[in-house]
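# Give me a 3D structure for the following:
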Amino acid sequence: MTLPNRKLTRWLGLACLMLLVGSSFARAAEHLPWEIAPYRTLVWVETSRECPVDDAFLTRFTEAIHDQRYATSGAVLVTDVQRAPVPLSRWFVTDVPASAFVARLESQELRADDFDRIQLISIGRDGDWTVTFREFDTLTRSWGSVHRTSAGQRSLLPTVVLRVAYEKFLPVAKITDMDKPNVALSLKATTLVEEETQTRTRRQREAIAFVPPTEDVDWKKLPALGPSEVASMGQLPGHVAIGEAMQPILRRNDRQGNLVAENGIIAMPWTYVRCDENDGLQLKGTIISGYNQPLPGRRNVRTQRLALGVRPAYEATELKLVDKSTEAVPLAGYEIYSKDPTGPTLLGASDASGDVTITKDPQSAVRALYVRSGGNLLARLPVVPGHDPMVTARIPNDSPRLLAEGFVEGWRDQLVDTMARRQILAQRVQRKIDQGELEDAEKWLAELRSGRTVNELAFELRSAKGQFLKDNKLDPTIKRRIDDLFEKGQRLVTQDKSLLIEGKLAKQLEDAQNAQR
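Sure, this is the predicted structure:
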């Protein structure tokens, strides 16, 4: 009898987990298939100097973490909770390099690749009990955001810590297939997550709060429980909900499967995967990127295409626009649009410092932003609001094009005025010649010759074009647009029909004067 694929996968996962129970669980978990391998997690806990606790508290705390963790996440996590051997405050800085943390692990005789996840927890006291949490993913060498929460009572600390650790847990997946913009991903421990999700659902459905009856009750027909009577277990670690975001990351390994020393980890900038479907075994999503080729390079056994979950820690993100050639120059007045299902929505324009605030979208974690200037699209910038407090986008400086556009517009007005004026004067000369008023015709012809010509304006346009394009640092896109502006101006010059009118009128006037003599 052959079992369906899903049931067979679950059965194999549970069978392997039963075989792995024992002291060698974490070591054996390293060799399990991706879908049924739990997250091997090292937890470092520290207490601040202002926190009045002793060793007995830490012992009870770690024991409570172990007990509650297994009861609330099952086999998804394999944790080792320890007192932090080093101060953790340094690692709560947002821009701390991953290489420095890996080196610190090695100084403690720990290999980063022996774990899937390292969680840092700092407990303090400022009226309430404060908890600072951050997570480090070893496979992608990536930091999560710094999250802070609090507890009113010391006895609630294990529950509060586990809740923030679950809610801000960074799921990791392998990108198994890509047909831009659609991608398919295989989540780590997905079988374990699905089994635990079903177990939670069953427990919640079967939960019954017993209350001694105050009157006769029909025991064959029990009353339905309200939502407040069933305890919520919080989010399950490793789960990815519809609409959440993941960031693609490339990991390059050597022949032994170890991370290469130089450029081993490449996080794809301005690129995210939005989760569209999650059937419990496979994740399907849409890749949203500011690049035409968001995942460069050939697929091979040494290059892993991964995706790491994004857990925002802030209410909004400040987007800063700076000149692509030099970050010291902020770009003001650039319009930011968001691509929404109902159409483009104007979020605002960058201020004098080049900043604009990007708020969260309740429908999707990823916001596809478009930067426009003067009606021209300059950049596509996918952003997960709240992931970072501030992100800087280096985009082409559109100021040279705006200046060129202003010049060409003014030049076009002069051209139209000159062409109209010459046409009017030419008609007057022609009319005076036809009427035999040759002196007046000669006067108007002299005025036609003394005025500005289209050839002079064409020369000015060519000279200005050289001045606008002489900057070697000019962005190629802006340069091409400036060139297009001047090309359109050149085509207007060819439409002038009065280029040879002076010579024709002079010849007619000379013939008329000779005829009168």
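# In space, not sequence, find me the middle residue of this structure.
For the chain, the residue nearest the mean C-alpha position is Val383 (3.2 Å; C-alpha atoms, centre = their mean).
# Tell me the predicted confidence for that one.
pLDDT, Val383: 94.
# list the contacts for it?
Listed by C-beta atoms under 8 Å, 6 or more residues apart in numbering, the contact partners of Val383 are 317, 319, 358, 366-367, 369, 391. The way it works is simple: take the backbone N, C-alpha and C, and place the C-beta from them, glycine included.
# go on, Ala512?
433, 436, 438, 441 are the contacts of Ala512 under C-beta under 8 Å, 6+ apart.
# Now secondary structure, pLDDT and neighbour count too, for the contacts of Val383, in CSV please.
Below are the contacts of Val383 laid out as CSV (DSSP: H, G, I helix; E, B strand; the rest coil; pLDDT from 0 to 100; neighbours: other C-beta atoms under 10 Å):
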residue, secondary structure, pLDDT, neighbour count
Thr317, strand, 94, 22
Leu319, strand, 95, 25
Ile358, strand, 94, 21
Val366, coil, 92, 26
Arg367, strand, 92, 26
Leu369, strand, 94, 22
Val391, strand, 92, 17
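# what would those residues look like in CSV with distance to Asn263?
Shown next, in CSV, are those (distance: C-beta to C-beta, whole Å):
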residue, distance to Asn263
Thr317, 27
Leu319, 27
Ile358, 30
Val366, 26
Arg367, 29
Leu369, 28
Val391, 22
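# of those, closest to Ile36?
Val366 (29.3 Å; C-beta to C-beta).
# What distance do you get for the closest one to Gly285?
Distance of Val366 to Gly285, given as C-beta to C-beta, to the nearest Å: 10 Å.
# Please enumerate the shared neighbours of the two.
With C-beta under 8 Å, 6+ apart as the test, Val366 and Gly285 both reach Arg274.
# Give the helix, strand or coil label for Val408.
helix (DSSP: H, G, I helix; E, B strand; the rest coil).
# For it, give me its contacts.
Applying C-beta under 8 Å, 6+ apart, we find Val408 in contact with 461, 485-486, 488-489.
# Can you say which of those are buried?
Among those, those classed as buried by 16 or more other C-beta atoms under 10 Å are 461, 485-486, 489.
# can you redo those as JSON lines with secondary structure, distance to Tyr334 and pLDDT?
Shown next, in JSON lines, are these (DSSP: H, G, I helix; E, B strand; the rest coil; distance: C-beta to C-beta, whole Å; pLDDT from 0 to 100):
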{"residue": "Leu461", "secondary structure": "helix", "distance to Tyr334": "28", "pLDDT": "88"}
{"residue": "Leu485", "secondary structure": "helix", "distance to Tyr334": "19", "pLDDT": "89"}
{"residue": "Phe486", "secondary structure": "helix", "distance to Tyr334": "23", "pLDDT": "89"}
{"residue": "Gly489", "secondary structure": "helix", "distance to Tyr334": "25", "pLDDT": "87"}
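# picking up where we left off before, show me which of the contacts of Ala512 are buried.
Neighbour-count burial (16+ other C-beta under 10 Å) is assigned, among the contacts of Ala512, to 433, 438, 441.
# Got phi/psi on the first one?
The phi and psi values for Ile433, taken as degrees, to the nearest 10, are phi -60, psi -40.
# Any idea how many residues pack against Arg491?
Close neighbours of Arg491, defined as other C-beta atoms under 10 Å, add up to 9.
# ok, back up a step: Throw the buried ones among the contacts of Ala512 into a markdown table and include pLDDT and distance to Asn376, thanks.
Below are these laid out as a markdown table (pLDDT from 0 to 100; distance: C-beta to C-beta, whole Å):
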| residue | pLDDT | distance to Asn376 |
| --- | --- | --- |
| Ile433 | 83 | 49 |
| Leu438 | 83 | 54 |
| Ala441 | 83 | 49 |
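# With respect to Leu250, which of the contacts of Val408 is nearest?
Leu485 (39.6 Å).
# Show me where the stretch 351-500 of the chain dips below the pLDDT cut-off.
The stretch 351-500 of the chain contains residues with pLDDT under 70 at 497-499.
# Please enumerate the helices of it.
399-435, 438-450, 454-468, 476-494 (DSSP state H, counting those that start in this stretch).
# sorry, back to before: among the contacts of Ala512, which two are most distant?
That would be Gly436 and Ala441, which, of the contacts of Ala512, are the farthest apart (C-beta to C-beta) at 8.9 Å.
# Secondary structure element holding Thr41?
strand 39-47 (DSSP states H and E).
# What is whatever helix or strand comes next after that strand packed up against?
The helix or strand immediately downstream of strand 39-47 is helix 55-73, counting by DSSP H and E. If you count contacts as 3 or more C-beta pairs under 8 Å, 6 or more residues apart in numbering; DSSP states H and E, helix 55-73 packs onto strand 39-47, strand 77-83, helix 157-167.
# Try it again at 10 Å.
strand 39-47, strand 77-83, strand 117-126, helix 157-167, helix 190-206 (3 or more C-beta pairs under 10 Å, 6 or more residues apart in numbering; DSSP states H and E).
# I'd like the distance from that helix to the chain centre, please.
Centre-to-centre, helix 55-73 and its host chain are 36 Å apart (C-alpha atoms, centre = their mean, to the nearest Å).
# which residues touch it?
38-39, 41, 43, 45-47, 51, 53, 76-83, 121, 123, 154-155, 157-159, 161-163, 165-166, 169, 192-193, 196, 200, 233-234, 236-238 (C-beta atoms under 10 Å, 6 or more residues apart in numbering).
# remind me which residues of the chain are low pLDDT?
Scanning the chain for pLDDT under 70 picks out the ranges 1-31, 52, 207-234, 296-299, 497-499, 517.
# Can you list the buried residues in stretch 312-323?
The neighbour-count check on stretch 312-323 (16+ other C-beta under 10 Å) flags 312-313, 317-323 as buried.
# would CSV of those residues with distance to Ser150 and secondary structure be doable?
Below are the buried residues of stretch 312-323 laid out as CSV (distance: C-beta to C-beta, whole Å; DSSP: H, G, I helix; E, B strand; the rest coil):
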residue, distance to Ser150, secondary structure
Pro312, 19, coil
Ala313, 15, coil
Thr317, 24, strand
Glu318, 25, strand
Leu319, 30, strand
Lys320, 31, strand
Leu321, 36, strand
Val322, 37, strand
Asp323, 42, strand
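# and the two most separated of those residues?
Maximum distance among the buried residues of stretch 312-323 (C-beta to C-beta): 29.0 Å, for Ala313 and Asp323.
# quick revisit: looking at the buried ones among the contacts of Val408, which one is closest to Ala98?
The closest of the buried ones among the contacts of Val408, once distances to Ala98 are taken by C-beta to C-beta, is Leu485, at 45.9 Å.
# Could you report the separation of Val366 from Ile118?
Relative to Ile118, and taking C-beta to C-beta, Val366 is found at 27 Å.
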